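>>> give me a 3D structure for the following:
(one chain, ligands or ions: 1)
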Amino acid sequence: MRNRMIAGNWKMNETFAEGVELAQGIVDQLASGTGNVDVVIAPPLVDLKGVSEVLTQANSSVALSAQNVYWEESGAFTGETSPAMLTSVGATYCIIGHSERRGYFGETDEDINRKAKALMAHDIVPISCCGESLEVRNAGTHVQFVVDQIKADTKGLEITDPSKYVIAYEPIWAIGTGMTATADDAQEVCGAIRKTLVEIFGAEIADGIRILYGGSAKPENVGGFLEKEDVDGALVGGASLKAGSFVAMVKSAMN
Ligand code: PGA
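As a prediction, this is how the structure comes out:
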């Protein structure tokens, strides 16, 4: 049985003070608990420590995620952040392979695979993103495209606890565009991802790995995605920047 997950990706939004305020709003509105739903927020790097303090002070079950990591332990890698540094400010999750990082910063599946391994060695849960462009979708090769990404991104990973590895399927054409995939579109690809995970890790592990949908997910449509067999939650961008809409999505997942 997989716990549902609602994860907020703040992207490059919220200064330190704004981030602390947003986190406070979220924990206040979730003060009565989140049931079986795992709730994660991913602020920008400079906000992590401040948001971590908000979560700790509120004794909140909301978990903290980074948006990126570098796979080396330390050293001359200007501008980068190691897994141990993320742990030191309270992050227990990290988004990797977001299409914006693949597209704007040239990240490859090989990079994403190395990041996953480095995070897991430090007991940080990767939220590993995949998804096709509109071009690929229109060519009708989206399922194979995503399956190939999954195979490359998970190459050589050892997963013993399936709750410690999360996948987010985010069709690029639906991110920040307001154009959502239908719940059936999401299930088609998430189902194929699950099958691929069964082939790689066996049924028991594959059954426990959460697969999130991302791309213009909002309070009004999240329920439809969550009804699908292989969709276990949402990775939310725009709608995670207001405490009210993010919390509404968590509540929807609790039903
Ligand atoms: P969106 O972003 O919800 O604003 O479409 C999702 C994401 O990119 O993680």
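>>> the closest residue to residue 19 other than its chain neighbours: what's it in contact with?
Among residues not flanking residue 19 along the chain, residue 47 sits closest, at 3.4 Å (Cβ to Cβ, 6 or more residues apart in numbering). For glycine as for every other residue, the C-beta is placed from the backbone atoms N, C-alpha and C. Contacts for residue 47 (Cβ atoms under 8 Å, 6 or more residues apart in numbering) come out as 10, 14, 15, 16, 19, 20.
>>> A helix includes residue 204, no?
Yes - per DSSP: H, G, I helix; E, B strand; the rest coil, residue 204 lies within a helix segment.
>>> so how far is residue 124 from it?
According to Cβ to Cβ, to the nearest Å, residue 204 stands 23 Å off from residue 124.
>>> who has more neighbours out of the two?
residue 124 (23 against 9; other Cβ atoms under 10 Å).
>>> pLDDT score for the residue nearest to residue 137 when sequence neighbours are not counted?
Nearest residue to residue 137 in three dimensions, chain neighbours excluded: residue 173, at 6.2 Å (Cβ to Cβ, 6+ apart). Predicted confidence (pLDDT) for residue 173: 95.
>>> what is the neighbour count of residue 173?
Other residues near residue 173 come to 21 when the count uses other Cβ under 10 Å.
>>> what's the pLDDT at the residue nearest to residue 19?
98.
>>> need the three-state assignment for it.
helix.
>>> what about it, distance to residue 146?
Using Cβ to Cβ, residue 47 is found at 31 Å from residue 146.
>>> residue 55 now?
32 Å.
>>> more neighbours, those two?
residue 146 (24 against 19).
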